[in-house]
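J.: Show me the folded form of this:
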Amino acid sequence: MPDWEFSRISGAGTPEAEWEFSLIPQAEAVCVSELPGLRLLRIGKTNRLYLYTEKPITGALLTIVDDAGIYAKDDQDPAKDINGKTCSYDSINGRYYYDVTLHTDTKEGYYRAYWDASYGGNFIELEDKFAPQDIKILKVIATTKEIVSVGYFMETFLKNIDIQSYWREQIRDTISAAKGELENDTEMFFTPTVITDEKWDVYFNPDDFLETFWLHQFHQWPIVSVQDWSCWYSGRKVIDLKPEWWCLDAKRGTIELLPTIGSDSGVVLTMLMTQLSGFAMAGFGIWERIPLFFHIDYTAGLDFDNITKEERDNIRFAIGRRAAINLLPKLDKYMGISGQSLSGDGWSESLNLTASAMYGMFSAQITQYQKDDEKWVQRMRRRYGKNLKMAL
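T.: Numbers count the residues shown, from 1 in each chain. The predicted structure follows:
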């Protein structure tokens, strides 16, 4: 389709300007043609968001929704959604925009900006490449611990590699994803994480109780601290178990009762032995299993700030290495090319493509990283008893 040049003949500097059109060569198009890409907005700051289009328009409305389709909130009026907000016109840049000030309760994450554009009061459908516009919303100050900084990662794993196609927030997301992958593979958190109201069944047998004192394994470990451990029956708390009655193996993630004769823990022992042995329902006899009897609140993971510097450096390097494994193939312009040949005279050229990761600028480096990564995961699992779980 031909391109058209449009210029104002009256009302300059206002959205209601009148226009005249003339056909121009495609190379001389004066409309916005670049893709906006992923836009970063900060919570608590005023962010100017521009509408991108190659079409002439005289008005625009803005709506912002999160990945669940819920409207973002306006900080100037928290009761109102950012839905159908009237945009202003920037006469210098020749674009419509809206100054977004997100409410402080806005959650971090990915959002979409939908623009309703119009020309002379008539709806204009925007090009697919511009609509909707993708947004990532972040807090002004990071609230989560960053084990691997972007600077460390770039200096250690991306030195002398061209990464102009990636911006820092994308690299930060890659690092965060790598951390999550390693936490899944090792089955442990690398930073303290609060677990609330974890519930365990109890299989009550007086003889077993005297032998094991209800030895239980946490769903997540190692353990940083236990905040609360209590016994419940039929939705009602029976008793709080005091910390001095616990015997905790934080590294292996086990806990058991260790009552002491002559103390109040002995009274609890007697109560548990007599009352729990008698839990019954008419016609059903004695219950040996009580569902969801133990409720426990605890903090699991590595106490990263208090482990040795060697351990911190080791984990930091492992996360960076996994991020490099994921990112380097995307930066390798030769990845997927297994062979290329050229000829002379009448000329002939061939290019052999492959899905294998063994070909490319970084293939040898990636392969070595993968081997080291697998060994590291297994060492961590052995160290914290993840390969052998207890049958309780």
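
J.: State the number of residues packed around residue 128.
T.: Taking other Cβ atoms under 10 Å as the neighbour definition, residue 128 ends up with a count of 7. To be clear about C-beta, it is placed using only N, CA and C from the backbone, and glycine gets the same treatment.

J.: where does it land on pLDDT?
T.: Looking at residue 128, its pLDDT stands at 83.

J.: three-state assignment of the closest residue to residue 147 other than its chain neighbours?
T.: Once its chain neighbours are removed from consideration, residue 147 has its nearest residue in residue 316; the separation is 5.6 Å (Cβ to Cβ, 6 or more residues apart in numbering). Reducing the assignment at residue 316 to three states with DSSP: H, G, I helix; E, B strand; the rest coil gives helix.

J.: same deal with residue 177?
T.: helix.

J.: Setting aside sequence neighbours, what's the nearest residue to it?
T.: For residue 177, the closest residue by Cβ to Cβ, 6+ apart turns out to be residue 326, at 7.0 Å.

J.: That neighbour: which element?
T.: Residue 326 is part of helix 309-331, with elements assigned from DSSP states H and E.

J.: Counting by contacts, list what that helix packs against.
T.: If you count contacts as 3 or more Cβ pairs under 8 Å, 6 or more residues apart in numbering; DSSP states H and E, helix 309-331 packs onto helix 150-157, helix 168-186, helix 363-383.

J.: how about the residue nearest to residue 324 when sequence neighbours are not counted, what does it touch?
T.: Using Cβ to Cβ, 6+ apart and skipping residues adjacent in sequence, the residue nearest residue 324 is residue 157, 4.1 Å away. The neighbourhood of residue 157, defined by Cβ atoms under 8 Å, 6 or more residues apart in numbering, consists of 320-321, 323-324, 328.

J.: same question, residue 221
T.: Residues touching residue 221, when contacts are defined by Cβ under 8 Å, 6+ apart, comprise 188, 250-253, 300, 384-385.

J.: Does residue 99 touch residue 46 like I think?
T.: Yes: when contacts are counted by Cβ atoms under 8 Å, residue 99 is listed as touching residue 46 (5.3 Å).

J.: Check the average confidence over stretch 64-75, would you?
T.: Taken as a whole, stretch 64-75 carries a mean pLDDT of 89.

J.: no wait, stretch 299-318
T.: What stretch 299-318 shows for mean pLDDT is 94.

J.: Out of the contacts of residue 221, which end up buried?
T.: By neighbour count, with 16 or more other Cβ atoms under 10 Å, these hold 188, 250, 252-253, 300, 384-385 as buried.
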